[in-house]
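Undergrad: Here is the input, now give the coordinates:
(one chain, ligands or ions: 1)
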Amino acid sequence: MTKAKVVVISTGGTIAMRYDPVKQGIVPAVTGAELVEAVPPLKDICPIEVMEYSNIPSPHMTPKIMFTLAKRVDDILAQEDVAGVVITHGTDTLEETAYMLDLVITSNKPVCLTAAMRSSAEISPDGPKNILDAVKTAYSKDAAGKGVLIVLNEEIHTARDVTKTHSANIKTFASPFWGPIGYVDNDQVIFKRLPLGVQKLNINDLVEDVHLIKLASGVDDTIIKLLVEKGVKGIVLEGLGRGNIPPGVIPGIKLAIAKNIPVVLTTRVHGGRVLDVYGYEGGGKHLKELGVILAGEISGQKARLKLMLALAQTNDPKEIAEIFVD
Ligand SMILES: NC(=O)C[C@H](N)C(=O)O
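TA: Numbering: from 1, shown residues only. Just a heads-up that it's a prediction; the model follows:
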């Protein structure tokens, strides 16, 4: 019997960039096939098929592209001879694509995202080793059913918990509070923990006009009012601590809710849930009473993607709130 293959889908990012002496900066330059060719030990793992999906820096990635990619990956995984998929991506929005894929892909087969912090022309590029580890993980039977995984710097993280924590260091991806669920050693892929409650939303579209506002001490409702005037479809607030906000934002929230624009609350803190604990003006309890939807433990950028998917299904705040229970 022929061995099942891993499909490597390249989307861009530093992993596929080189220094351009004319632009005097690092720019997209390397194809998916070149990325794989640069890692000869891949041939000892399994057959590889390369698919170049895009070659964009990840700040150019959009929710629509992520969603379309998720559907494509699901189709690929439905093929019997495919063991798993590896996606090479830029690190800047990697956690967002990973989370979108996590929510949308229905297959249980492994999907691993990987990237690099150093481009291929730098000393000690991290891309080739990361690709090797990601393919090993995607080919590992133990990786199935754990949701979308992020494989970098020999660590394996879940899409739900991972975030980029450093702008330059190769040990940039971390899952604050929870840590990695496994790692890639020389000879094997080792899982130490099981992620519970990987959420799958059976939703076939997304509503993109959803905005994220980061809050800070003393801010008012200027931005939220502008968004309401513009008629956006949803607003995510990145609040403070347990899910509290400065009181000056409240009139804007009331206005949004009065116009049936769902307002979802997250926290700028990197661990823990938002909860209706504080009863003071702008505290989580007050916000919930106003009709604000609490997003649980996910970050603002991930809640924004989830609200885009939720809005494709319903505009009812109660139903949206249920989708945010994870
Ligand atoms: N390390 C990286 O990949 C960063 C790059 N700016 C990107 O996200 O495309």
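Undergrad: For the ligand, what's its nearest residue on the protein.
TA: Scanning the chain for proximity to the ligand using CB to the nearest ligand atom identifies Gly90 as nearest, at 2.2 Å. (C-beta placed from N, C-alpha, C; glycine too.)
Undergrad: What about Ala216, how many residues nearby?
TA: Applying the criterion other CB atoms under 10 Å, we find 10 residues in the vicinity of Ala216.
Undergrad: Could you check how far stretch 248-262 is from the centre of its chain?
TA: In terms of CA atoms, centre = their mean, to the nearest Å, the centre of stretch 248-262 is set 27 Å apart from its chain centre.
Undergrad: What strand or helix carries the spatially most central residue of the chain?
TA: In the chain, the centroid-proximal residue (CA atoms, centre = their mean) is Glu96; its distance is 2.3 Å. Applying DSSP states H and E as the criterion places Glu96 in helix 94-104.
Undergrad: On the C-terminal side of that helix, identify the next helix or strand.
TA: Moving toward the C-terminus from helix 94-104, the next element (DSSP H and E) is strand 111-114.
Undergrad: how many neighbours does the nearest residue to the residue nearest to the centre of the chain once chain neighbours are set aside have?
TA: For Glu96, the nearest residue in space outside its immediate sequence neighbours is Gln301; the separation is 5.5 Å by CB to CB, 6 or more residues apart in numbering. The burial metric for Gln301, expressed as a neighbour count using other CB under 10 Å, is 16.
Undergrad: coming back round to it: quickly check: the helix holding Glu96 near the ligand or not.
TA: No - counting by CB under 6 Å from any ligand atom, the ligand is not contacted by helix 94-104; separation bottoms out at 7.0 Å.
Undergrad: Run through the neighbouring helices and strands of that helix.
TA: Contacts defined by 3 or more CB pairs under 8 Å, 6 or more residues apart in numbering; DSSP states H and E place helix 94-104 against helix 63-77, strand 111-114, strand 149-152, strand 163-164, helix 300-311.
Undergrad: Is it possible to get a markdown table of those that adds mean pLDDT?
TA: Listed next are the helices and strands packed on helix 94-104 as a markdown table, based on pLDDT from 0 to 100:
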| stretch | mean pLDDT |
| --- | --- |
| helix 63-77 | 98 |
| strand 111-114 | 98 |
| strand 149-152 | 98 |
| strand 163-164 | 98 |
| helix 300-311 | 98 |
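Undergrad: was I right about Asp209 contacting Lys233?
TA: Yes - because the distance of 4.3 Å satisfies CB atoms under 8 Å, Asp209 is recorded as touching Lys233.
Undergrad: In terms of neighbours, single out the busier of the two.
TA: Counted by other CB under 10 Å, Asp209 and Lys233 do not tie: Lys233 has more neighbours, with 18 against 13.
Undergrad: Contacts only, for that one.
TA: Contact analysis of Lys233 by CB atoms under 8 Å, 6 or more residues apart in numbering lists Val207, Asp209, Val210, Ile261, Leu311.
Undergrad: of all those residues, which two lie farthest apart?
TA: Val207 and Ile261 (11.5 Å; CB to CB).
Undergrad: Between these two, which contacts overlap?
TA: Contacts common to Val207 and Ile261, judged by CB under 8 Å, 6+ apart, are Lys233, Gly234.
Undergrad: circling back to that earlier point, same list, the helices and strands packed on helix 94-104, but as TSV with distance to Gly243 please.
TA: Putting these into TSV (distance: least, CB to CB, whole Å) gives the following:
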stretch	distance to Gly243
helix 63-77	24
strand 111-114	29
strand 149-152	26
strand 163-164	18
helix 300-311	12
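Undergrad: So for Leu196, which of those sits nearest?
TA: Closest to Leu196 of these, according to CB to CB: strand 149-152, at 14.9 Å.
Undergrad: Mind checking what helix or strand follows the closest one in sequence?
TA: Remark: after strand 149-152, the chain's next helix or strand is strand 155-158, criterion DSSP H and E.
Undergrad: Tell me which other helices or strands that following strand touches.
TA: Under the contact rule (3+ CB pairs under 8 Å, 6+ apart), strand 155-158 is packed against strand 149-152, strand 173-174, strand 182-184.
Undergrad: which of the ones you listed sits most buried?
TA: strand 149-152 (a mean of 30; mean count of other CB atoms under 10 Å).
Undergrad: Dump stretch 155-173 to PDB, restricted to CA.
TA: Listed next in PDB are the C-alpha coordinates belonging to stretch 155-173 (Å, rounded to 0.1, in the frame of the first residue of the first chain):
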ATOM      1  CA  GLU A 155       6.600  23.300  20.300                       C
ATOM      2  CA  ILE A 156       3.000  22.300  19.500                       C
ATOM      3  CA  HIS A 157       0.200  24.700  20.400                       C
ATOM      4  CA  THR A 158      -3.500  24.800  19.900                       C
ATOM      5  CA  ALA A 159      -5.200  27.400  17.700                       C
ATOM      6  CA  ARG A 160      -7.500  28.500  20.500                       C
ATOM      7  CA  ASP A 161      -4.700  29.300  23.000                       C
ATOM      8  CA  VAL A 162      -1.700  30.400  20.900                       C
ATOM      9  CA  THR A 163      -0.600  34.000  20.400                       C
ATOM     10  CA  LYS A 164       2.500  35.700  19.100                       C
ATOM     11  CA  THR A 165       4.400  37.200  22.000                       C
ATOM     12  CA  HIS A 166       7.600  38.600  20.600                       C
ATOM     13  CA  SER A 167       8.200  40.700  17.500                       C
ATOM     14  CA  ALA A 168      11.500  39.100  16.600                       C
ATOM     15  CA  ASN A 169      12.500  36.200  18.800                       C
ATOM     16  CA  ILE A 170      12.200  32.700  17.300                       C
ATOM     17  CA  LYS A 171      10.400  31.600  20.500                       C
ATOM     18  CA  THR A 172       7.600  33.900  19.800                       C
ATOM     19  CA  PHE A 173       4.500  31.600  19.900                       C
END
